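Visitor: Coordinates for the following, if possible.
(chains A and B)
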Amino acid sequence: MLVQQYYQSERFVPDKEMDACGLFGVMHTGGVRFGGQMAIDAIKNMKVRGSGLGGGFAIYGLYPKYKDYYALHIIYQDKNMAAKKTVEAFLKKNFYVVFDEEIPTNPDIRLFAPPLAWRYFVSPQKSSAEENVPDDEYVISKVMHLNSHIDDAYVFSSGKDVGVFKGVGFPEEIADYFMLDELYEGYIWTVHSRFPTNTPGWWGGAHPLSILDWTVVHNGEISSYGANRRFLEMHNYYCTLHTDTEVLAYAVDLLMRRQGLPIEVVAKIFAPPMWEVIRHMDDSDKELYTALRMTYAPLLMNGPFTVIVAHHKEMIGLTDRIRLRPITAGAKGDLVFLSSEEAAIRAVCPDLELAWTPPGGEPVVVRLHTRDHLQSLNKSI
Amino acid sequence: MNGFNVKFGYRDNFLDDLQPVDVLYETRVSIDGCQATIDAHGLKHKELNDLLRETVQRGSTELVINNVFGQRYIGTRLYLPSKDKKLHIEVNRYPGNDLGAFLNGHRIIVQGNAQDGVGNTMDDGQIIVHGRAGDVTAMSMRGGQIFIRDNVGYRTAIHMKEYRDKAPVLVVGGTAQDFLGEYMSGGMVLLLGLNLQEDEPHRASYIGTGMHGGVIYLRGCVAEHQLGKEVGVRPLNDQDIVVVDRYVREYCRHFGGSPDEILKGRFQKLIPVSLRPYGQIYAY
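Guide: Residues are numbered from 1 along each chain as shown, chains lettered A, B, ... in the order given. Purely as a prediction, here's the structure:
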């Protein structure tokens, strides 16, 4: 067990917030699944960055037995059984539910107002009118419907072979509550501490934010939230979780899955070079970056941010273009780390081989079965 | 809400459940003459800094801190009234943010990489990092010297300042990321670029943006567009050469290397061209 002694959990609503966010991600580029110990220990090492008002984990390669089915993690706020009934009627109508169960939790861990958390493994059951809708689009539209139309029910994650576990508490408490270290293995773990920006700590607002198999953990504040959100609404993404990071999850889904752009380009949409920098580029780059800035101006993420975005086969670290939030990457053999602080990586991997910090707006892309993460090394310090 | 056991008020997560400093002193410190070896494994930053203060008050002047993993503010809160009593602090290996914040004349040696905010508002003393340092190194530094063997991150020497006999010095062996010397108003930065190829420009852009005092000596190349609008490039005069020579030699004393080889490189001096770049913003 991670926590030797259990204290009755107390929640503070502070007069003044003294902390920042802590982010950590670890991936095995060989695709080998491992337990949560490193992610949990690393985020514990950065406890000073958290507040106890939010924490969460995303795990990839989580449900090998059900990897062909969409795994819906749904929470029912205030354990609202009426909401559960409504959701299940909706699921029954729109999906084939192959298996469902309550997500097991440790009753000894007392958290702040825990909701009922349930998981459903489903495949689409399309009506004839929706026959031609691709599966992913179909699932997104149903998730959006659940989040925006059914009170007290929120879909935490909806991808295949991936799951998000999050809530109000320190991340190690969340890990203990969901018994992550005992029950699960994955080849990517990302984790976040503190609570969602500009939002009272609540279970739905905690990071990671996700859609399908895309998850985002974020340190900072997206001050362009309003502009981003309006743009995403035009593409049928509806923000219901009351926090800025949500737009990032939907934006990566829109750009990378639907529009098929590579992350290297998406990074330059979220964190575009300054016009001043573009002016000094050669003609072909100048044309590309000008086109990106003009086409995707509403998806420029303004304000300070460091994010770790993950989906199947990839984990990406990215900061804003003038790096107002920290990030450090590290590698040892097939393990690649992304973290708010280098010491947290060192704490869980004392014989680390490489540690580097990319410049603002330059992504560190960790891909399965490649050494692509080293591409950012030459530009880094 | 109090059904949920919610409290309102001030809270610092790191002031809860601290081990008493006496217990820590008994269990974590071993004394050998004036040297104290401290095991920092798993300590919260307040526990470690309390322990350092306690150890110093009990007479140790050389501190070796082992198993450091991210504890913040190491070296702060060690003000000693006696001016000549200076501590020698060795940190193994990975100190957290704000290492040596408000440092009061002591010497800190780090055997490993440092994180963000090294020497934040440092007053006097020396910090020597056998590795790299993160963002905002030497932020608001007002005295003393910092030597970083490798690279530094964003906003190095932001708001560095000087006053009468206090003139801070930062020497960086590698290169720096953007906004080096931002809003700098005093002191000296020496950037050696030892890990760059010949003709490879430094990484930083926006060097000296808003700078209105102090000086940056830069070895190697930098393109015009990498400089902020408030900075002018000058050749070194005789006085500058003496200063650069002195600190290159001191850098090599800490980290090795040949000072004569390094001094053969091309040096430039960056100074602010306007004393009050924003004088017109609020009053006209």
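Visitor: For the stretch 51-200 of chain B, give the residue positioned nearest to chain A.
Guide: B:Gly70 (3.0 Å; Cβ to the nearest Cβ). (Each C-beta comes from the backbone N, C-alpha and C, glycine too.)
Visitor: Check the gap between that residue and A:Ile269 for me.
Guide: Between B:Gly70 and A:Ile269 the distance, using Cβ to Cβ, to the nearest Å, works out to 33 Å.
Visitor: Tell me which of those two has more neighbours.
Guide: Neighbours were tallied for B:Gly70 and for A:Ile269 using other Cβ atoms under 10 Å in any protein chain shown; the higher tally belongs to B:Gly70 (25 against 20).
Visitor: List the contacts of that one.
Guide: For B:Gly70, the set of contacting residues under the criterion of Cβ atoms under 8 Å, 6 or more residues apart in numbering or on different chains consists of A:Asn45, A:Met46, A:Glu341, A:Ala343, A:Ala344, A:Arg346, A:Ala347, B:Tyr94, B:Pro95, B:Gly96, B:Gln115.
Visitor: and the third one, how many neighbours does it have?
Guide: A count of neighbours around A:Glu341, defined by other Cβ under 10 Å, yields 29.
Visitor: Just the pLDDT at it, thanks.
Guide: The pLDDT attached to A:Glu341 in the predicted structure is 96.
Visitor: which of the contacts of B:Gly70 has the most neighbours?
Guide: Ranked by neighbour count under the definition other Cβ under 10 Å, the contacts of B:Gly70 are headed by B:Pro95 with 32 neighbours.
Visitor: surely it meets B:Tyr73?
Guide: No. With contact defined as Cβ atoms under 8 Å, B:Pro95 does not reach B:Tyr73; the gap is 9.1 Å.
Visitor: what are the ranges of the helices in the chain?
Guide: Using chain A. Remark: helices assigned in chain A by DSSP state H are A:37-45, A:81-94, A:135-149, A:171-177, A:180-183, A:225-233, A:246-252, A:263-270, A:275-279, A:283-295, A:342-348.
Visitor: ah, I was thinking of chain B
Guide: Taking DSSP H as the criterion, chain B contains helices spanning B:21-28, B:45-57, B:238-255, B:259-263, B:279-282.
Visitor: and A:Thr243, backbone torsions?
Guide: phi -150, psi 150 (degrees, to the nearest 10).
Visitor: and it, how many residues sit next to it?
Guide: The number of residues packed near A:Thr243 is 23, by other Cβ under 10 Å.
Visitor: Kindly report the same for A:Leu299.
Guide: 22.
Visitor: Give the rounded mean pLDDT of stretch A:148-168.
Guide: Per-residue pLDDT values over stretch A:148-168 give a mean of 93.
Visitor: which ones are touching B:Gly187?
Guide: By Cβ under 8 Å, 6+ apart, the neighbours of B:Gly187 are B:Met141, B:Arg142, B:Ala157, B:Met160, B:Lys161, B:Glu162, B:Ala167, B:Pro168, B:Val169, B:Leu170, B:Gly214.
Visitor: Just confirm the last one contacts B:Met184, I think it does.
Guide: Spelled out, that is B:Gly214. Yes. Between B:Gly214 and B:Met184 there is a contact under Cβ under 8 Å: 4.8 Å.
Visitor: Quickly list what's touching both of those two.
Guide: Where contact means Cβ under 8 Å, 6+ apart, the residues bridging B:Gly214 and B:Met184 through contact with each are B:Met160, B:Lys161, B:Pro272.
Visitor: most surrounded residue in the residues you listed?
Guide: Each of these was scored by neighbours using other Cβ under 10 Å; the highest score is B:Met160's, at 31 neighbours.
Visitor: So which of B:Gly214 and B:Met184 has more stuff around it?
Guide: Looking at B:Gly214 and B:Met184 with other Cβ under 10 Å, you find the greater number of neighbours at B:Met184, namely 32 against 22.
Visitor: Now for the more buried one: which residues touch it?
Guide: Counting by Cβ under 8 Å, 6+ apart, B:Met184 touches B:157-161, B:208, B:210-214, B:216, B:272.
Visitor: Try it again at 10 Å.
Guide: By Cβ atoms under 10 Å, 6 or more residues apart in numbering or on different chains, B:Met184 lies in contact with B:138, B:141, B:156-162, B:207-216, B:230-231, B:270, B:272.
Visitor: So which of these are in strands?
Guide: Taking DSSP state E as the definition of strands, the contacts of B:Met184 contribute B:Gly213, B:Gly214, B:Val215, B:Ile216, B:Val231, B:Leu270, B:Pro272.
Visitor: Hmm, the second one is touching B:Glu230, no?
Guide: Translated: B:Gly214. No. If you go by Cβ atoms under 10 Å, B:Gly214 and B:Glu230 don't touch, sitting 11.7 Å apart.
Visitor: Overlap in contacts, those two.
Guide: Counting by Cβ under 10 Å, 6+ apart, the residues touching both B:Gly214 and B:Glu230 are B:Gly181, B:Met184, B:Gly208, B:Leu270, B:Ile271, B:Pro272.
Visitor: about what we covered before: and the contacts of B:Met184, which are buried?
Guide: In those, burial by neighbour count holds for B:138, B:141, B:156-162, B:207-212, B:214-216, B:230-231, B:270, B:272, counting by 16 or more other Cβ atoms under 10 Å in any protein chain shown.
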